[in-house]
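>>> here's a sequence, model it:
(chains A and B)
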Amino acid sequence: MSEKKERKTMPGEALAVVEEFEPGEGTYSNGDSVRAAAVGIAEFDLKQRKVIVKSPVKKPALPTKGDSVEGVVESAQSNVINMRILRINGKPNEANFTGMLSTRQDPQRRGRRITVAKVADLMRATVYSTKNAIIHLALERDNDGVLSTVCSICGGGVVRINDRVKCKECGYVDERMLAPDFRGV
Amino acid sequence: MTALINEQGLRHDGRRIEDLRPIKIEVGILKNANGSAYIEFGKNKIIAAVYGPKEVHPKHMALPDRAVLRCRYHMSPFSTDTRKNPAPSRREIEISKVVREALEPAIMINDYPRTAIDVFLEVLQSDGGSRCAGINAASVALADAGINMRDLVSACAAGKVGGQVVLDLDDTEDKEGQADVPVAIMPNFDQVTLFQLDGILTQEEFKKAFGFALGGCRKLYQLQKEALMKKYFGHGEPIVEENE
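Residues are numbered from 1 along each chain as shown, chains lettered A, B, ... in the order given. Alright, predicted model coming up:
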């Protein structure tokens, strides 16, 4: 006997009663019944007694814990950087979410006081929490850091010199937390 | 002037009192919106576009525990017989509000805290009952945007024309008639999300009009489902005709 059963469904349609099945992804329970929350195919797992709705509709991309995000630094203060998120896990996102990177708590700094990023830098970070509905970012992963920047004095192109960047125009040397795949301007 | 209802019980456009106008719904017509729909409801032609969930601007408008739903109902300057000023009128602002309130109970806004969901309704051609048509299109567009919903929202109006209670008033009947009752429901829960009454009805007439509107909503629900089925599964489910 098959352990799965399928059915096309629309938002709000009753799929099962709560005594029979648990609500899974794409479903919700309204107390007495499990209902679909999206257009899709309801899959009844007769072994686990769980129902999910697999939706062909593209889900809204919201940053969640563990996501790798890329974006532009909108403001950089001594301990906090606000970054406008442009990509979530490599996929473009036009929702304009803003993440907050607390540089004071960043474990990679290890007591050193360096400039992590400056305004208009393109950087990659990891979402470590969405507590209090704020997107908290951290430079947790090895490939996190600044991906692209320009000279903060003259706006010229820069080249990487170890952990620093040097302006090709004026020679000014600035510090950043650079990603391994830093690509200059 | 033609009588609104003739001796045979037919309305000025040939419909019976419990008939809807011809309806066509298309899903996913706009590339740049997260979700979209187009509805032709008689001579009404409306585009609905949904953007979001996205960051709220201005940021102080964000709610910590749920999304902000924002609706904009707008009539194009060429949507009426005489040019309409494109600036938002008092009526459009009111309809934007009632559309938002009709849709909000069906959307799981708690799934998207500190975000905004924008719903735009652009009326390309109007012929009475555009708020109901707009709600139907917006509901389908929200489902097309992948936003979690408790149910679809279906809307339809009933009213009183020529002393008789009728379903789905067009512009002429709306202007010449005695009452208009737009209703929106969440069909799987039998819950009303919009109810307005413009005009005067007796208790009996009111019951009949409300019953007509509910019946219309259920037919609309079938058409909404059919449109979504067609977009995502390539075919429509057969429509159950209650009157046949």
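>>> how about the residues of chain A by chain B?
Counting by C-beta under 8 Å from any C-beta of the partner chain, chain A comes close to chain B at A:8, A:10-14, A:26, A:28, A:30, A:35, A:37-40, A:55-60, A:62, A:94-98, A:132-134. C-beta here means a position set from N, CA and C on the backbone, and glycine is covered the same way.
>>> around the residue in chain B that chain A sits nearest to, count how many other residues there are.
At 3.0 Å from chain A, residue B:151 is the closest residue in chain B, using C-beta to the nearest C-beta. Using other C-beta atoms under 10 Å in any protein chain shown, residue B:151 has 26 neighbouring residues.
>>> got a list of what it touches?
Shown in contact with residue B:151 (C-beta atoms under 8 Å, 6 or more residues apart in numbering or on different chains): A:11-12, A:35, B:106, B:186-189.
>>> out of those residues, grab the one that's most surrounded.
Top of the contacts of residue B:151 by neighbour count (other C-beta under 10 Å): residue A:11, with 32 neighbours.
>>> host element of residue B:206?
Secondary structure assignment for residue B:206, by DSSP states H and E: helix B:203-233.
>>> mind checking pLDDT for the closest residue to residue B:205 other than its chain neighbours?
Leaving aside its sequence neighbours, residue B:205 sits nearest to residue B:165 (C-beta to C-beta, 6 or more residues apart in numbering or on different chains; 5.4 Å). We have a pLDDT of 96 for residue B:165.
>>> over to residue B:165. Which of the three states is it?
In three-state terms, and counting by DSSP: H, G, I helix; E, B strand; the rest coil, residue B:165 is strand.
>>> ok, how many other residues are close to it?
Counted by other C-beta under 10 Å, the residues lying close to residue B:165 total 25.
>>> again with residue B:210
Residue B:210 has 18 neighbours, counted by other C-beta under 10 Å.
>>> circling back to that earlier point, residues contacting the residue nearest to residue B:205?
Residue B:165 touches B:17, B:158-159, B:201, B:205, B:208-209, B:212, counting by C-beta under 8 Å, 6+ apart.
>>> repeat the analysis, applying 6 Å as the threshold.
Counting by C-beta atoms under 6 Å, 6 or more residues apart in numbering or on different chains, residue B:165 touches B:205, B:208-209.
>>> possible to save those residues as a markdown table with neighbour count, distance to residue B:3 and pLDDT?
Output for these, formatted as a markdown table (neighbours: other C-beta atoms under 10 Å in any protein chain shown; distance: C-beta to C-beta, whole Å; pLDDT from 0 to 100):
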| residue | neighbour count | distance to residue B:3 | pLDDT |
| --- | --- | --- | --- |
| B:205 | 20 | 19 | 97 |
| B:208 | 20 | 21 | 97 |
| B:209 | 24 | 20 | 97 |
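>>> possible to save those as TSV with distance to residue B:125?
Listed next are the contacts of residue B:165 as TSV, based on distance: C-beta to C-beta, whole Å:
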residue	distance to residue B:125
B:205	30
B:208	30
B:209	26
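>>> closest to residue A:164 out of the residues you listed?
Set against residue A:164, the nearest of the contacts of residue B:165 by C-beta to C-beta is residue B:209 (75.5 Å).
>>> show the contacting residues for that closest one.
Per C-beta under 6 Å, 6+ apart, neighbours of residue B:209: B:158, B:165, B:181.
>>> where does pLDDT dip in the chain?
In the absence of a named chain, chain A is used. Scanning chain A for pLDDT under 70 picks out the ranges A:1-3, A:105-113, A:185.
>>> hm, I was asking about chain B
In chain B (pLDDT under 70), the answer is B:1-2, B:235-244.
>>> interface residues of it facing chain A?
Residues of chain B found near chain A (C-beta under 6 Å from any C-beta of the partner chain) are B:53-55, B:64, B:113-114, B:143, B:146, B:148-152, B:188, B:225, B:228, B:232-233.
>>> any of those residues buried? List them.
With neighbours counted by 16 or more other C-beta atoms under 10 Å in any protein chain shown, these contain buried members at B:53-55, B:113-114, B:143, B:146, B:148-152, B:188, B:225, B:228, B:232.
>>> can you spell out the domain ranges of chain A, please?
Here the domain parsing of chain A from automatic domain parsing is A:4-54, A:68-175.
>>> tell me which of those sits most buried.
Of all the domains of chain A, domain A:4-54 has the most neighbours on average by mean count of other C-beta atoms under 10 Å in any protein chain shown, namely a mean of 18.
>>> any idea which element the closest residue to chain B within chain A lies in?
Residue nearest to chain B within chain A: residue A:12 (3.0 Å; C-beta to the nearest C-beta). Counting by DSSP H and E, no helix or strand carries residue A:12.
>>> correct me, but it touches residue B:190?
No. Using C-beta atoms under 6 Å, residue A:12 makes no contact with residue B:190, being 11.1 Å away.
>>> wait, what's in contact with residue A:15?
Contacts of residue A:15 by C-beta under 6 Å, 6+ apart are A:34, A:36, A:42, A:51.
>>> look at the last one and give its secondary structure.
Assigned with three-state DSSP, residue A:51 falls in the strand class.
>>> who does it form a beta bridge with?
Residue A:51 forms beta bridges with residue A:23, residue A:44, as assigned by DSSP bridges.
>>> what of the first one?
With DSSP bridges applied, residue A:34 shows beta-bridge pairing to residue A:16, residue A:29.
>>> how near is it to residue B:143?
According to C-beta to C-beta, to the nearest Å, residue A:34 and residue B:143 sit 18 Å apart.
>>> residue B:137: what secondary structure?
helix.
>>> residues in contact with it?
Listed by C-beta under 6 Å, 6+ apart, the contact set of residue B:137 reads B:37, B:39, B:46, B:48.
>>> listing partners with orientation, what would you give for the strand or helix carrying the third one?
Residue B:46 is part of strand B:44-55 when elements are defined by DSSP H and E. Counting by DSSP bridges, the strands paired with strand B:44-55 are strand B:35-41 (antiparallel), strand B:115-125 (antiparallel).
>>> most tightly surrounded among those strands?
strand B:35-41 comes out most buried of these by mean count of other C-beta under 10 Å, with a mean of 25.
>>> part of a helix, is residue B:13?
No. Assessed with three-state DSSP, residue B:13 is coil; it does not lie in a helix.
>>> hey, what's residue A:174 bridged with?
Applying DSSP bridges to residue A:174 gives these bridge partners: residue A:165.
>>> brilliant, that's me finished.
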